[in-house]
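>>> give me a 3D structure for the following:
(one chain, ligands or ions: 1)
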Amino acid sequence: MKTCKQCKVEKPFTEFSKVHKGKYYKSYCKKCSTRVANKWKKNNSQRKKSNDEIFRKKLGTGIYIVKLFDVPLYVGEGNINARKHHHLFTKSDKCDSQVKQYCDKHNINRKLLSFNILEYEDDKQRMVKKETYYRTVLTPIINPTTK
Ligand SMILES: [Zn+2]
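Modelled structure (predicted):
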């Protein structure tokens, strides 16, 4: 018989798993070992999830640039993935993307465009300020900001 250090119940050795090549028994009984392991797993997966959420949120919004080869076409801000899809892939005629309209007008295949993140930012006010800054500095063809 052996007393479990977790539940303090005296149990037969068959209720304990062996460790170190079967030389010793674990100090926690099988039931407690499982419970402790599950609890750890649960806590850990929650921690992982919240890290992922923080990461996603951080990558979620920012200022981006659409280029045709090396030529800056458009600088914008907002949800990165949504804006990328909006400008590069939406085929609807109702799409208000200035990039799409420009490419349609000038017969540019949007497959030639590149989309890059200039800066991640999740504060709306700072984002608008930075967008203006980049539009001034990079003078994209479609939406330059002139000083
Ligand atoms: Zn136990």
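
>>> what residues does the chain have near the ion?
Taking CB under 5 Å from the ion as the criterion, the chain approaches the ion at residues Cys4, Gln6, Cys7, Cys29, Cys32. C-beta here means a position set from N, CA and C on the backbone, and glycine is covered the same way.

>>> top of the residues you listed by neighbour count?
Counting neighbours by other CB atoms under 10 Å, Cys29 comes out on top of those with 23 neighbours.

>>> could you double-check that Val9 sits in contact with Thr3?
Yes. Counting by CB atoms under 8 Å, Thr3 is a contact partner of Val9 at 7.0 Å.

>>> sitting in helices, which of the residues of the chain next to the ion do you find?
Among the residues of the chain next to the ion, the members found in helices (DSSP state H) are Cys32.

>>> please name the nearest non-neighbouring residue to Thr3.
Nearest non-adjacent residue to Thr3, counting by CB to CB, 6 or more residues apart in numbering: Glu10, 4.8 Å away.

>>> may I ask you to confirm that Ile117 belongs to a strand?
Yes. Counting by DSSP: H, G, I helix; E, B strand; the rest coil, Ile117 is part of a strand.

>>> rewinding a little: ok, the residue nearest to Thr3 - how many residues close by?
11.

>>> ok, it - contacts?
Residues in contact with Glu10 (CB atoms under 8 Å, 6 or more residues apart in numbering) are Met1, Lys2, Thr3, Cys4.

>>> in contact with the last one, which residues?
Contact partners of Cys4, counting by CB under 8 Å, 6+ apart, are Glu10, Lys11, Glu15, Phe16, Ser27, Tyr28, Cys29, Cys32.

>>> how about the second one?
If a contact means CB under 8 Å, 6+ apart, then Lys2 has Glu10, Lys11, Pro12, Phe13, Glu15, Phe16, Tyr25 as its contacts.

>>> could I get the residues of the chain next to the ion as JSON lines with pLDDT?
As requested, those are exported to JSON lines (pLDDT from 0 to 100):
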{"residue": "Cys4", "pLDDT": "95"}
{"residue": "Gln6", "pLDDT": "94"}
{"residue": "Cys7", "pLDDT": "96"}
{"residue": "Cys29", "pLDDT": "96"}
{"residue": "Cys32", "pLDDT": "95"}
